[in-house]
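[1] output the structure for:
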Amino acid sequence: MLKRFEISPSTYARITLVALIALVLIVFTGSAVRLTASGMGCPDWPKCYGSYIAPLQINAWIEYGNRLLTGFVGLAVIAASLMAFLRRPFRWHLAVFGALLPVGVIAQAILGAFVVKHHLPPELVIGHFLLSMILLDAAFALFWCSRYEPGERRFSEDFLGVWAVRALIPFGQLTVLLGTITTGAGPHPGDHNEELVRRFDFRGEDTLEWIAQRHAAMAVIFAIATLVVLFILMRKGADSRAVKPVKVVLGLIVFQITLGVTQWLLHLPALMVWFHIVVATLLWIAILWAVATAGQLKGRDVTVSAAKA
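    Sure, this is the predicted structure:
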């Protein structure tokens, strides 16, 4: 009977791709909720104004639509989690990655309820976004690892190149964190019907400019670090597998800096801020792609992979 439900590696990889795309889309819609001032579009949870059907009001439907997409995300990640046990050949670390996804989505739903209940405090909203990034980490790892069998990809001997690419992760993390704080101090805190929602104001009226300057400086540092990594990967004798994704990372950073300066000069229109968040999410995926493409090093990593196999 079990053999009837067994799935191939290629089919499972497609399932994990759907889960990854769903988690990316929920980041897009979640940021749209905040930037269109729809955070309190449905003041109660899980219902909307006491009903399971949102009223005919744009903010209510944006907020409720995000919740409905969350339901699809839940189904996608549950499928990716359960199907890991039906994949043949079975790989236990895929099952572990898969199990993290529904747990993370449940945590997101609980945290989302607290965000609404406490009227969108910026600390909880930032936590909501950062948890989404962690979920993307797990979903990408699941998708990437499901595409290859143990030992199928060659190991890298380029110690400097591999670790240089991996070093981009903290640069990206800090840039994203400062970006979320900047949004929390900006003119789009998620208010609804003139309902005041608290912003960050730890430096008074200068808070937004102060944190925006540091976010911009970190983005420039990130771009310089990425350029250095690109030169390392292109040196003579280097393993150049990660050159393409690192170029994509660099291009997205430059685009983000340009977009950030433009939106600042235009006084932060909501649509541009949303697009900035969308590109930031894609940039994070590109960083994960670069790290995964750079591969594992020979030596201790080989032993770990052999144990997984």
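[2] confidence score at the residue nearest to residue 289 when sequence neighbours are not counted?
    Spatial nearest neighbour of residue 289, excluding adjacent residues (C-beta to C-beta, 6 or more residues apart in numbering): residue 245 at 4.5 Å. Backbone N, C-alpha and C define where each C-beta goes, glycine included. pLDDT recorded at residue 245 is 97.
[3] would you confirm that residue 245 contacts residue 293?
    Yes. Residue 245 sits in contact with residue 293 when judged by C-beta atoms under 8 Å, with a separation of 5.2 Å.
[4] between the two, which is the more surrounded one?
    Between residue 245 and residue 293, residue 245 has the larger neighbour count (other C-beta atoms under 10 Å), namely 20 against 17.
[5] domain assignment for the protein?
    When the chain is parsed with automatic domain parsing, its domains come out as 8-149, 152-309.
[6] got the buried residues for stretch 57-74?
    Along stretch 57-74, these residues count as buried under the neighbour rule (16 or more other C-beta atoms under 10 Å): 57, 59-67, 69-70, 73-74.
[7] as TSV, the residues you listed with secondary structure would be great.
    What follows is those, written out as TSV (DSSP: H, G, I helix; E, B strand; the rest coil):
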residue	secondary structure
57	coil
59	helix
60	helix
61	helix
62	helix
63	helix
64	helix
65	helix
66	helix
67	helix
69	helix
70	helix
73	helix
74	helix
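[8] could I get those residues as JSON lines with pLDDT and distance to residue 164?
    Below are the buried residues of stretch 57-74 laid out as JSON lines (pLDDT from 0 to 100; distance: C-beta to C-beta, whole Å):
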{"residue": "57", "pLDDT": "75", "distance to residue 164": "51"}
{"residue": "59", "pLDDT": "72", "distance to residue 164": "45"}
{"residue": "60", "pLDDT": "78", "distance to residue 164": "48"}
{"residue": "61", "pLDDT": "73", "distance to residue 164": "46"}
{"residue": "62", "pLDDT": "76", "distance to residue 164": "41"}
{"residue": "63", "pLDDT": "79", "distance to residue 164": "42"}
{"residue": "64", "pLDDT": "76", "distance to residue 164": "45"}
{"residue": "65", "pLDDT": "78", "distance to residue 164": "41"}
{"residue": "66", "pLDDT": "78", "distance to residue 164": "38"}
{"residue": "67", "pLDDT": "78", "distance to residue 164": "41"}
{"residue": "69", "pLDDT": "83", "distance to residue 164": "37"}
{"residue": "70", "pLDDT": "79", "distance to residue 164": "37"}
{"residue": "73", "pLDDT": "87", "distance to residue 164": "34"}
{"residue": "74", "pLDDT": "86", "distance to residue 164": "38"}
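[9] I'd assumed residue 221 was in contact with residue 257.
    No. Taking contacts as C-beta under 8 Å, residue 257 lies outside contact range of residue 221: 11.0 Å.
[10] who touches both of those two?
    Common contacts of residue 257 and residue 221 (C-beta atoms under 8 Å, 6 or more residues apart in numbering): none found.
[11] tell me which helix or strand in the chain has the weakest average pLDDT.
    When the helices and strands of the chain are scored by mean pLDDT, DSSP states H and E, helix 300-308 comes last with a mean of 45.
[12] let's see the pLDDT reported for the closest residue in space to residue 118 that isn't next to it in sequence.
    Spatial nearest neighbour of residue 118, excluding adjacent residues (C-beta to C-beta, 6+ apart): residue 124 at 6.4 Å. At residue 124, the model reports a pLDDT of 83.
[13] could you do residue 30 as well?
    On the pLDDT scale, residue 30 is placed at 80.
[14] burial of it, as a residue count?
    So residue 30, with other C-beta under 10 Å, has 23 neighbours.
[15] ok, residue 209 next?
    Neighbour count of residue 209, defined by other C-beta under 10 Å: 13.
[16] from residue 289, how far out is it?
    Residue 209 is 34 Å from residue 289, where distance means C-beta to C-beta, to the nearest Å.
[17] next: residue 265.
    Residue 265 sits 31 Å away from residue 289, taking C-beta to C-beta as the criterion.
[18] who has more neighbours, those two?
    Comparing residue 265 with residue 289 by neighbour count (other C-beta under 10 Å), the higher total belongs to residue 289, at 18 against 8.
[19] report the contact partners of the more buried one.
    With contact taken as C-beta under 8 Å, 6+ apart, residue 289 is in contact with 140, 245, 248.
[20] check which helix or strand it maps to.
    Following DSSP states H and E, the helix or strand that holds residue 289 is helix 270-294.
[21] next, the buried residues of that helix.
    By neighbour count with 16+ other C-beta under 10 Å, helix 270-294 contains the buried residues 270, 272-277, 279-294.
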